[in-house]
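> When you get a sec, could you give me coordinates for this:
(chains A, B, C and D)
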Protein chains: 2
Amino acid sequence: MSSADVTHAWGAFQRMRTQLAGRIYRELARSTGLSEPDFEVLFTLDAEPDKTLRSIDLRCALDWEKSRLSHQLRRMTERGLVTRETCTTDGRSTIIVLTAAGIETITAARSCHEAAVSRYFGEVLNTEQLAAINQIATLVLDRLATD
Amino acid sequence: MSSADVTHAWGAFQRMRTQLAGRIYRELARSTGLSEPDFEVLFTLDAEPDKTLRSIDLRCALDWEKSRLSHQLRRMTERGLVTRETCTTDGRSTIIVLTAAGIETITAARSCHEAAVSRYFGEVLNTEQLAAINQIATLVLDRLATD
DNA sequence: GTGAGATTGTTGACGCGTCAACTAAAAATT
DNA sequence: AATTTTTAGTTGACGCGTCAACAATCTCAC
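Predicted coordinates:
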């Protein structure tokens, strides 16, 4: 496990990620008008039974900086994908609600996204390789967590 | 190889990448003041014997949009890391030259970057796992290339 | 209850990334 | 040689991401 092996694998990993995400989210943007962060926000809200989350819970689910979410929600509100409503139980909080337009958009986007992930990622890899990714991700994330 | 397996592996991959890059480049920024794109530009120039590349060659090496490189070089020029010089053989081209300050910066940054990649990535994975990453990246990149 | 500190969220500044429109020079076509 | 096309690079607008500063609300010790 030489240093050159690590560098090489790191380079391959970076190239794959860049190209893959670039392709998937370019296709998504062209077919649905959604960016990657748009998609993540709508996807997370759509998974809730009432299509609603408190801002703080959305933030935790996405693991985003608070200002990042704030800026993102401002833009998405202006486009009519979500609305902000006041929270009655906690004056600091905001409730984020998926609009009808938001639901329609994410429904179309989900299948487009799934198709792209399947095509460029899922179809290319076998069960062992998918398992290897899970294992590797677990090891790396554990290391990051324990620092 | 169910659809759920693919979705799960994709999620693990995305989480790993986000956390890993976030950590590595946050450390790099704190110790050297360089962003990820700063590092990539300096690293590529530093690999040249004369610390110099034509803008177009730098663009190909990085696989960046032309406007992206143009904006990046403007900021880096203002900070004194590189300079632009006119190309005598092709009036359209620009020569990008690493300054003394740029060389000093990338020299420190390289070891910082290597240490972080090793610590959070190389040390955690064994030879088989590094090989698996190379194999997976090759498969995915091939698929993207053939579309 | 009151005041200290933590939690939730917004804003502004600035770097980053893409797209489209543009300039200028080289290459190819005629 | 003149015209067209391709190539190299810049610019401006706008979305994205982080940081630091700020405001408002809640919590809890007292």
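
> Show me which residues of whichever strand or helix holds A:Leu20 are buried.
Following DSSP states H and E, one finds A:Leu20 within helix A:3-32. If you call a residue buried by 16 or more other C-beta atoms under 10 Å in any protein chain shown, then helix A:3-32 has these buried ones: A:6, A:8-10, A:12-17, A:19-20, A:23-25, A:27-28, A:32. No exception for glycine: its C-beta is placed from N, CA and C like everyone else's.

> if you look at stretch A:131-146, does any of it touch chain B?
Yes: against chain B, stretch A:131-146 shows contacts by C-beta under 8 Å from any C-beta of the partner chain at A:131-144.

> ok so, going back, quick check: angle from the helix holding A:Leu20 to helix B:3-32?
Helix A:3-32 and helix B:3-32 meet at an angle of 120 degrees, taking axes from the mean of the first three to the mean of the last three C-alpha atoms, to 10 degrees as the criterion.

> can you give me the helices for chain A?
Assigned by DSSP state H, chain A shows helices spanning A:3-32, A:36-46, A:55-62, A:66-78, A:100-117, A:127-146.

> Tell me how many other residues surround the residue lying closest to A:Leu34 once chain neighbours are set aside.
In this structure, A:Leu34 finds its nearest non-sequential neighbour in A:Ala109, 5.3 Å apart by C-beta to C-beta, 6 or more residues apart in numbering or on different chains. Applying other C-beta atoms under 10 Å in any protein chain shown, we find 21 residues neighbouring A:Ala109.

> from memory A:Ala109 sits against A:Leu42, does it?
Yes: counting by C-beta atoms under 8 Å, A:Ala109 sits close enough to A:Leu42 to count as a contact (6.9 Å).

> what's the overlap in contacts for the two?
By the contact definition C-beta atoms under 8 Å, 6 or more residues apart in numbering or on different chains, A:Ala109 and A:Leu42 are jointly contacted by A:Leu34.

> Narrow the residues of stretch A:131-146 next to chain B to those that are buried.
Taking 16+ other C-beta under 10 Å as the criterion, what is buried in the residues of stretch A:131-146 next to chain B is A:132-134, A:136-137, A:139-141, A:143-144.

> What parts of chain A come near DNA strand D?
A:35-38, A:64-65, A:67-68, A:71-72, A:75, A:90-92 (C-beta under 7 Å from any atom of the strand).

> Among those, find the lowest-pLDDT one for me.
Lowest pLDDT among those: A:Gly91, with 89.

> wait, what's in contact with the spatially most central residue of chain A?
Taking C-alpha atoms, centre = their mean, the centroid of chain A lies closest to A:Glu40, which sits 3.6 Å from it. By C-beta under 8 Å, 6+ apart, the residues touching A:Glu40 are A:Leu62.

> okay, A:Met76: pLDDT?
96.

> Tally up the residues packed near the closest residue to A:Met76 other than its chain neighbours, please.
Spatial nearest neighbour of A:Met76, chain neighbours left out: A:Val82 (5.1 Å); criterion: C-beta to C-beta, 6+ apart. Counted with other C-beta under 10 Å, the neighbours of A:Val82 add up to 24.

> Brilliant, that's me finished.
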